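Enquirer: Sequence below, structure please.
(one chain, ligands or ions: 1)
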Amino acid sequence: MGADVLRRVVEHLSGLDNAPASGNVDVADLCRRLAEPPPDTGTPLDQLLDPLFNEWVGHSFTTTGPGYMAYVPGGGLYPSGLAEFIAATTNRFTGVWQAAPALVQLEANVLSWLAEWMGYPTSARGLLTSGGSMANFSAIVTAREHHLGERLRDGVLYTSTHAHHCVAKSARLAGILGDRVRVIGVDEHCRMDVSELADAIADDFDEGLRPFMVVSSAGTTNTGAVDPLEAIGDLCEARGLWHHVDGAYGACFHMVPELRPLLAGLPRTDSVALDPHKGMFLPYGTGALIVRDGELLRAAHAGHADYLPDLNAEFYDPSQYTPELSRPYRGLGLWLPLKLYGAAKFRAALAEKRELALFAAEALSRVSGIVLDAPPQLSLLAFHLTWPGASTMEENEATDALLARVLQRQRVMLTGCQVDGRHLARICVLSFRTRRRHVQNAVDDVAAAAAALRAERGVVA
Ligand SMILES: Cc1ncc(COP(=O)(O)O)c(C=O)c1O
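Expert: From the prediction side, this is the model:
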């Protein structure tokens with residue numbers, strides 16, 4: 001069975017360079033047909049794998065492909081997939097240290113490497129999660145527990161209009177209801193407005209509420225904006241608030257010493273969420289939260305029962321730092337590729353992705369009709385299409401049409417966002433498979449679509 005699965009996986013991956021940027025996902029009828037009652041009898045593996053690989057997998061965005069520059073890519077490193085296979089089939093219990101001490105130590109190593117790359121002290125501790133959303137959730141729980149204890153209702157959390165939607169969702173799940181979440185405006189670069197933040201905090205203190213946390217972004221999903229982390233850090237320090245940074249998209253760039261100035265202030269934060277399934281190219285299912293004062297993370301998550309082995313003081317015990325007990329052994333998926341390739345290769349890949357985004361921005365700025373609204377702060381850029389006399393509504397329709405035409409070529413997949421009523425197209429370069437020629441394809445396809453759309457609107461080139 002293993003050999004059969006591996007053969008099909010390798011065949012699938014070998015075809016990625018020529019695969020369409022997205023399969024047909026308009027398949028509601030197929031999904032209705034796929035719904036079925038529980039199977040009572042078995043089916044030969046081949047008959048299950050054939051439609052899986054030949055049909056169903058293909059009805060999806062090709063997130064592993066080199067042309068995937070939509071949302072926030074990652075790619076899905078093959079050795080990490082092998083690590084997940086090993087972890088699942090050896091199926092050791094890594095919820096508590098005593099059940100698999102050496103395996104848990106490998107995960108602890110990975111967490112301490114991440115902490116070091118974020119510029120955190122050795123007192124930092126962390127956890128591997130299913131992704132950025134859960135990492136942000138655990139951060140909010142930790143800050144809430146530390147600052148508010150059991151009196152949640154007057155605690156106030158601050159974030160920006162461009163924060164990922166999981167921040168407000170996580171706040172609600174953590175018991176911080178919508179009327180205690182302040183959504184702060186942004187400046188012309190889509191970064192949190194620190195003076196508005198300061199005013200909002202001051203107003204809430206005056207009202208007798210308890211401001212306790214700011215969630216800033218190190219790379220927003222919309223335009224890749226990095227909030228002014230230093231200034232927010234100063235304010236949080238002065239007013240005694242927890243500063244968490246959602247670095248699900250961007251924090252991994254802090255691994256690269258020469259890019260650290262782009263994320264200045266990150267090492268001062270109280271906690272950071274990062275997504276190795278984005279910035280370290282892993283398969284979906286691995287996020288991370290690192291908390292500067294590891295004791296506070298432990299205080300929020302510790303728990304014990306007499307059917308569990310005794311706690312040890314010396315070693316990292318996942319059950320004391322995470323909401324989970326039984327859990328996938330996520331650490332191996334990071335440990336294996338990091339040991340196999342070495343961190344230098346990851347740094348080089350991240351630096352290359354930024355260079356490619358700068359290259360795309362420079363090339364697009366020379367395309368007639370393309371307005372670069374957000375040049376890359378990290379590796380994401382956003383732009384729209386215009387022509388003389390165009391209204392915002394016409395530009396919005398044309399930019400949407402541009403995205404659709406680019407996808408029609410099936411070489412690259414891009415997605416858009418909306419900022420202040422304006423529709424923007426985005427290019428996010430973060431897959432390890434995306435190289436210069438693929439970014440050139442993106443630029444060429446945008447340029448061709450822009451020229452065609454402008455010509456259709458009677459614009460002379
Ligand atoms: C800035 C940001 N935060 C949080 C998330 C949520 O991460 P996940 O999808 O891993 O839960 C994303 C996902 O794209 C993101 O870009």
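Enquirer: Residue 442: what's it in contact with?
Expert: Counting by Cβ atoms under 8 Å, 6 or more residues apart in numbering, residue 442 makes contact with 67, 69, 360, 406, 411-412, 414, 427. For glycine as for every other residue, the C-beta is placed from the backbone atoms N, C-alpha and C.
Enquirer: with these in mind, which one is nearest to the ligand?
Expert: residue 69 (13.6 Å; Cβ to the nearest ligand atom).
Enquirer: Just give me the neighbour total for the closest one.
Expert: Residues near residue 69, counting by other Cβ atoms under 10 Å, number 31.
Enquirer: Quick check: phi and psi on the nearest residue to residue 430 once chain neighbours are set aside?
Expert: Distances taken as Cβ to Cβ, 6 or more residues apart in numbering place residue 73 nearest to residue 430, at 4.7 Å, with adjacent residues excluded. Backbone torsions of residue 73, given as degrees, to the nearest 10, read phi -80, psi -180.
Enquirer: Okay, strands next: where are they in the stretch 351-461 of the chain?
Expert: 370-374, 380-385, 416-419, 422-428 (DSSP state E, counting those that start in this stretch).
Enquirer: Contacts for the last one, please.
Expert: Just to be clear, that refers to strand 422-428. Residues outside strand 422-428 that contact it (Cβ under 8 Å, 6+ apart) are 69-73, 222-224, 249, 357, 360, 364, 373-374, 379-385, 392, 395-397, 399-400, 402-403, 406, 414-418, 439, 442, 446.
Enquirer: Would you check which of these are in contact with the ligand?
Expert: Among the contacts of strand 422-428, the ones lying near the ligand by Cβ under 6 Å from any ligand atom are 71-72, 249.
Enquirer: quick one: which of these is most hemmed in?
Expert: Neighbour counts for these (other Cβ under 10 Å) peak at residue 249, which has 27 neighbours.
Enquirer: quick one: contacts for it?
Expert: Counting by Cβ under 8 Å, 6+ apart, residue 249 has contacts 72, 132, 218-221, 224, 275, 278-279, 378, 380, 428, 430.
Enquirer: Could you measure from it over to residue 454?
Expert: Using Cβ to Cβ, to the nearest Å, residue 249 is found at 31 Å from residue 454.
Enquirer: Which residue is the nearest non-sequential neighbour of residue 436?
Expert: residue 356 (6.4 Å).
Enquirer: For the one you found, report the pLDDT, please.
Expert: pLDDT, residue 356: 98.
Enquirer: if I pick it, what's in contact with it?
Expert: Counted by Cβ under 8 Å, 6+ apart, residue 356 has contacts 379, 429, 434-436, 439.
Enquirer: Could you break the protein into its assigned domains?
Expert: 2-67, 82-342, 344-456 (automatic domain parsing).
Enquirer: Could you say whether the closest residue to residue 27 other than its chain neighbours sits in a helix, a strand or coil?
Expert: Of all residues not flanking residue 27 in the chain, residue 59 sits nearest, at 5.0 Å (Cβ to Cβ, 6+ apart). Per DSSP: H, G, I helix; E, B strand; the rest coil, the secondary structure class of residue 59 is coil.
Enquirer: Residue 59 and the ligand, how far apart?
Expert: Separation of residue 59 from the ligand (Cβ to the nearest ligand atom, to the nearest Å): 21 Å.
Enquirer: Run through the residues of the stretch 101-250 of the chain sitting next to the ligand.
Expert: Contact residues, the stretch 101-250 of the chain versus the ligand (Cβ under 6 Å from any ligand atom): 131-133, 164, 166, 217, 219-221, 246, 248-249.
Enquirer: And the closest residue to the ligand within the stretch 351-461 of the chain, how far from residue 356?
Expert: Closest approach between the stretch 351-461 of the chain and the ligand, counting by Cβ to the nearest ligand atom: residue 428, at 9.1 Å. Separation of residue 428 from residue 356 (Cβ to Cβ): 11 Å.
Enquirer: what's the answer for residue 279, then?
Expert: 15 Å.
Enquirer: Tell me where the stretch 351-461 of the chain has helices.
Expert: Assigned by DSSP state H, counting those that start in this stretch, the stretch 351-461 of the chain shows helices spanning 392-409, 436-456.
Enquirer: Need the ones you listed in JSON lines (columns: mean pLDDT and distance to residue 155).
Expert: JSON lines is the format used below for these (pLDDT from 0 to 100; distance: least, Cβ to Cβ, whole Å):
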{"stretch": "helix 392-409", "mean pLDDT": "98", "distance to residue 155": "39"}
{"stretch": "helix 436-456", "mean pLDDT": "98", "distance to residue 155": "44"}
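Enquirer: Dump the ones you listed into a markdown table; add distance to residue 33 as well.
Expert: Below are the helices of the stretch 351-461 of the chain laid out as a markdown table (distance: least, Cβ to Cβ, whole Å):
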| stretch | distance to residue 33 |
| --- | --- |
| helix 392-409 | 26 |
| helix 436-456 | 34 |
